[in-house]
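# No letters, just coordinates:
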Ligand SMILES: O=C(O)c1cc(=O)[nH]c(=O)n1[C@@H]1O[C@H](COP(=O)(O)O)[C@@H](O)[C@H]1O
């Protein structure tokens, strides 16, 4: 899958991910109304609204982008129908040729991580049959329980040729409370980054490893250091747009080959129609606003990379 991700990035010339984080208040009223008319103001109605919203955005952007990242909490809040909308979104994006990064941020004791890994990236055995439950291509993994929480994911990745992005330095304001603590002279995130590089050596694609890292766009200086600590790991970079990250901050997340990083924007793309900049599209054409926002994001990042050469 890392090879497919890179092939998709090369094909689209767009090192970006559209984050499918459909909070109900981002879903335009006309989409909500239609779903509620069919299913009522129920969890099913919310899940239908979210699914229709996602589908419209994917239809309007899939030719421009290599990958999407649905955030599972945004679906989980709508219970079982929400999780069905999550799986439907994963399937639809894969049909469109997109790589799907399941943002599940899992990690637990070994046996529990194994079940998470099987459910999201692998196959679960049911009698003589086996099933791929959510079948994402990548998953985000929280390593802060230690290596026994991560290794089951790597095992399933090897079997299935799938990948993970391990949280190393997260984009949120309080991420430094623990992640920046100095241990034996170096911040904790650097120790984790080093471990990601070591795990990655066990599971390599053609040029990059199947074990990637998450490093927030909001910490560009740390990104620069971590790029060197994990030269063969793809870095998933959230925090662009709504959290303040800009193209010029991201140059050092990339390698000399122009690869090595993929930048996520969720609200900045899916709720673009709410921004002044894209107001001309109107609420009815929310998906066209998302398409315009994707183009602007790609231009911003490509422009910054070209200027840095
Ligand atoms: O793993 C992630 O994707 C993630 C890690 C991180 O450090 N920061 C972060 O914002 N994210 C996710 O990236 C997305 C960011 O959304 P926007 O701020 O709307 O672009 C959300 O789905 C977050 O859960």
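It's in. Note that the coordinates shown come from a computational prediction; the quantities given were computed from them, not determined experimentally.
# so where do the strands sit in the stretch 101-250 of the chain?
Taking DSSP state E, counting those that start in this stretch to define them, one finds strands in the stretch 101-250 of the chain at 124-126, 129-131, 138-141, 163-169, 182-183, 186-187, 211-215, 235-237.
# Quick one: the ones you listed as a markdown table, columns for distance to the ligand too.
For every residue, glycine as well, the C-beta is placed using N, CA and C. Converted to a markdown table, these look like this (distance: least, CB to the nearest ligand atom, whole Å):
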| stretch | distance to the ligand |
| --- | --- |
| strand 124-126 | 24 |
| strand 129-131 | 26 |
| strand 138-141 | 4 |
| strand 163-169 | 6 |
| strand 182-183 | 20 |
| strand 186-187 | 15 |
| strand 211-215 | 5 |
| strand 235-237 | 6 |
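# Could you look over those and pick the most buried one?
The highest mean neighbour count among these, using mean count of other CB atoms under 10 Å, belongs to strand 211-215: a mean of 29.
# What average pLDDT does that one get?
Throughout strand 211-215, pLDDT has a mean value of 98.
# neighbouring strands for that strand, and are they parallel or not?
Strand 211-215 pairs in its sheet with strand 163-169 (parallel), strand 235-237 (parallel), by DSSP bridges.
# what's residue 13 in contact with, if anything?
Taking CB atoms under 8 Å, 6 or more residues apart in numbering, we find residue 13 in contact with 298, 302.
# now swap in the one 3 residues further on and tell me
Residue 16 is in contact with 65, 66, 262, 263, 264, 265, 294, 297, 298, 301, counting by CB under 8 Å, 6+ apart.
# Tally up the residues packed near the nearest residue to residue 151 once chain neighbours are set aside, please.
Counting by CB to CB, 6 or more residues apart in numbering, the nearest residue to residue 151 once its immediate chain neighbours are dropped is residue 110, at 7.1 Å. Per other CB atoms under 10 Å, the neighbour tally for residue 110 reads 14.
# Mind pulling the model confidence for residue 110?
Residue 110 is assigned a pLDDT of 97 by the prediction.
# got it, and residue 27?
98.
# now swap in residue 302 and tell me
Note on residue 302: pLDDT of 94.
# and it, what is it in contact with?
Per CB under 8 Å, 6+ apart, neighbours of residue 302: 13, 14, 247.
# Give me the distance between residue 299 and residue 164.
According to CB to CB, to the nearest Å, residue 299 and residue 164 sit 30 Å apart.
# Look up the closest residue to the residue of the stretch 51-200 of the chain found nearest the ligand, ignoring the ones flanking it.
Nearest to the ligand in the stretch 51-200 of the chain, going by CB to the nearest ligand atom, is residue 170, at a distance of 3.1 Å. Excluding its sequence neighbours, the residue lying closest to residue 170 (CB to CB, 6+ apart) is residue 216, at 5.5 Å.
# Could you do residue 63 as well?
The shortest distance from residue 63 to any non-neighbouring residue, by CB to CB, 6+ apart, is to residue 12 (7.7 Å).
# The one you found and the ligand, how far apart?
Relative to the ligand, residue 12 is positioned 19 Å away (CB to the nearest ligand atom, to the nearest Å).
# dump the residue contacts of that residue.
With contacts defined as CB under 8 Å, 6+ apart, residue 12 is in contact with 63, 64, 65, 66.
# ok, of these, which come out buried?
Those of the contacts of residue 12 that meet the buried threshold are 64, 65, 66, by 16 or more other CB atoms under 10 Å.
# can you list those in CSV and add pLDDT?
Shown next, in CSV, are those (pLDDT from 0 to 100):
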residue, pLDDT
64, 98
65, 98
66, 98
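# Quickly name whichever of those is closest to residue 53.
Residue 53 lies nearest to residue 65 out of the buried ones among the contacts of residue 12, by CB to CB, at 16.6 Å.
# Quick check, that closest one in contact with residue 18.
Yes. Residue 65 lies in contact with residue 18 (CB atoms under 8 Å); the separation is 5.5 Å.
# Now for these two: what residues contact both?
Taking CB under 8 Å, 6+ apart as the criterion, residue 65 and residue 18 both touch residue 294.
# Which residue would you name as the spatial centre of this structure?
residue 69 (3.5 Å; CA atoms, centre = their mean).
# That one belongs to a helix?
No. Under DSSP: H, G, I helix; E, B strand; the rest coil, residue 69 sits outside any helix and is assigned strand.
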